[in-house]
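**Student:** Model the following, please.
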Amino acid sequence: MWHFRLWEIQDVAVFLSIMLYMCHLAGAISIYSPQRSLIRSVQDDVIFSVNFTCSEIPNIQWTFMSGLVSRMIGTWQPGGYTNITEDYSSRVQAYDNGSMCLSDLRLQDGGFYVVTITESTGSSKDFGFVLKVNEVLYEDLQYLTVSFLALACLAGLLMLAMWLLDKAYKKIMACKRRREMPGDARKTDLQLGNFL
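**Tutor:** Numbering: from 1, shown residues only. Take a look at the predicted model:
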């Protein structure tokens, strides 16, 4: 009937244990993010949202790369220490789930951001984001608004000058007509002007 040898069962058990351990190591760290490419404007805030799973308490490290520049932003552990570099200390907020918020964006912040999750066993995994930072459009709107107001003031001054010149022209012409009138007509005209 069913005859099992003891060493065969033990061999299968050892093999399965090794396979489970290898699968555990291979998939020990997984990182997920709903959005890997982000576009923001200058002075906005951005959240690099990640979720990770691992078998131990990890060490989370964020790094910024752009062209030839590469600099560390900070490292932390969930519920443990937080070490944000001086360049970013006032602008970065670290979250236990690995996410990071970078506030008051500058044009120089555009580039590639990498989060590295490392376990105490030495296994680690990287995950990257691309951030594009656009210039603020309202500066252009402010320029247009100031230009519009300056032109409106200039147009108002020109209209006032035209109105004053028109009044002055009418007075000059009225005085000129009075001088050209005969003496009696001028008195009558002056009397009519006083009467009105």
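
**Student:** List the buried residues for the longest strand belonging to the chain?
**Tutor:** Longest strand in the chain by number of residues (criterion: DSSP state E): strand 124-134. Buried residues in strand 124-134, defined by neighbour count with 16 or more other C-beta atoms under 10 Å: 125, 127, 128, 129, 131, 133. The way it works is simple: take the backbone N, C-alpha and C, and place the C-beta from them, glycine included.

**Student:** Just checking: what are the partner strands of that strand?
**Tutor:** strand 37-41 (parallel), strand 111-118 (antiparallel) (DSSP bridges).

**Student:** Mind checking what helix or strand follows the shortest one in sequence?
**Tutor:** It refers to strand 37-41. Where DSSP states H and E defines the elements, the next helix or strand beyond strand 37-41 is strand 46-48.

**Student:** Okay, now the sheet partners of that following strand, with direction.
**Tutor:** Applying DSSP bridges, one finds strand 46-48 paired with strand 100-102 (antiparallel).

**Student:** Could you pull up the mean pLDDT of the strand or helix carrying residue 176?
**Tutor:** Here residue 176 sits within helix 138-180, counting by DSSP H and E. Average pLDDT, helix 138-180: 88.

**Student:** Closest one of the buried residues of strand 124-134 to residue 104?
**Tutor:** Here the nearest of the buried residues of strand 124-134 to residue 104, counting by C-beta to C-beta, is residue 133; it sits at 11.1 Å.

**Student:** Look up the closest residue to the closest one, ignoring the ones flanking it.
**Tutor:** Among residues not flanking residue 133 along the chain, residue 110 sits closest, at 4.0 Å (C-beta to C-beta, 6 or more residues apart in numbering).

**Student:** quick revisit: and the helix holding residue 176, what does it pack against?
**Tutor:** Secondary-structure packing of helix 138-180 (3 or more C-beta pairs under 8 Å, 6 or more residues apart in numbering; DSSP states H and E): helix 183-195.

**Student:** Pull the number of nearby residues for residue 40.
**Tutor:** 16 (other C-beta atoms under 10 Å).

**Student:** And the helix or strand containing residue 31, what's buried?
**Tutor:** Taking DSSP H and E as the definition, residue 31 sits inside strand 30-32. Neighbour-count burial for strand 30-32 flags residue 31 (criterion: 16+ other C-beta under 10 Å).

**Student:** Likewise for stretch 83-95?
**Tutor:** 84, 88, 91, 92, 94.
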